[in-house]
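Engineer: Below: sequence and its predicted model.
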Amino acid sequence: AAAAAGGAAAAGGAGMTSGMGMALSSKKDHEKFAGIVAEKLRGSTGMQVLTFVKEVLQRSSSKLSTDQMGELVRHVEDMRGVRQAETKATPAGAAGKKGKGKKKTADKAAQKRHEDVFGHMVEDAVAAGYEDMEDDFM
């Protein structure tokens, strides 16, 4: 992990690594890291994801301006509106009766929502460079 941290720091410049094995010095670095975290949370329950996001926000809130906090609130409200519209669009009792075509459409819609929230998925080749980070965070 130390070798990976040194390599990431050398490649990323003077970013903060905090033993993570990668520099978080640019917006792109943060987007990549968010994609990795989102992938790790894929098997988590809604309550677990909520707990994680609340903890990150609590620990990072001193870095956010009131305008940035407002942007977060608007983003969450937009996601909530999409989720409510999806819930209303699904007929009662049809949740377990989806066919294969509808399942693929739902998967694509879920991936689109994920990309809207977290950005595009990190390619396996890029993610492979961060595999040793799991021990630091899990």
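Structural biologist: Received, thanks.
Engineer: And the contacts of the helix or strand harbouring residue 74?
Structural biologist: According to DSSP states H and E, residue 74 maps onto helix 66-89. Helix 66-89 is contacted by residues 57, 61, 64, 109, 113, 117 when judged by CB atoms under 8 Å, 6 or more residues apart in numbering. Glycine gets a C-beta too; all of them are placed from N, C-alpha and C.
Engineer: And those, which is closest to residue 33?
Structural biologist: residue 117 (14.3 Å; CB to CB).
Engineer: From residue 109, how far off is residue 82?
Structural biologist: 9 Å (CB to CB, to the nearest Å).
Engineer: Three-state assignment for residue 21, please.
Structural biologist: coil (DSSP: H, G, I helix; E, B strand; the rest coil).
Engineer: Which pLDDT value goes with it?
Structural biologist: On pLDDT, residue 21 comes in at 70.
Engineer: can you count the residues close to it?
Structural biologist: 23 (other CB atoms under 10 Å).
Engineer: cool, and residue 22?
Structural biologist: Going by other CB under 10 Å, the residues that sit close to residue 22 add up to 25.
Engineer: State the phi and psi torsions of it.
Structural biologist: Per-residue torsions, residue 22: phi -150, psi 150 (degrees, to the nearest 10).
Engineer: Okay, now the unreliable bits of this protein?
Structural biologist: Low-confidence segments of the chain (pLDDT under 70): 1-20, 92-103, 114-138.
Engineer: residue ranges for the helices of it, please.
Structural biologist: If DSSP state H is used as the criterion, the helices of the chain fall at 2-12, 27-40, 46-60, 66-89, 100-118, 124-128, 134-137.
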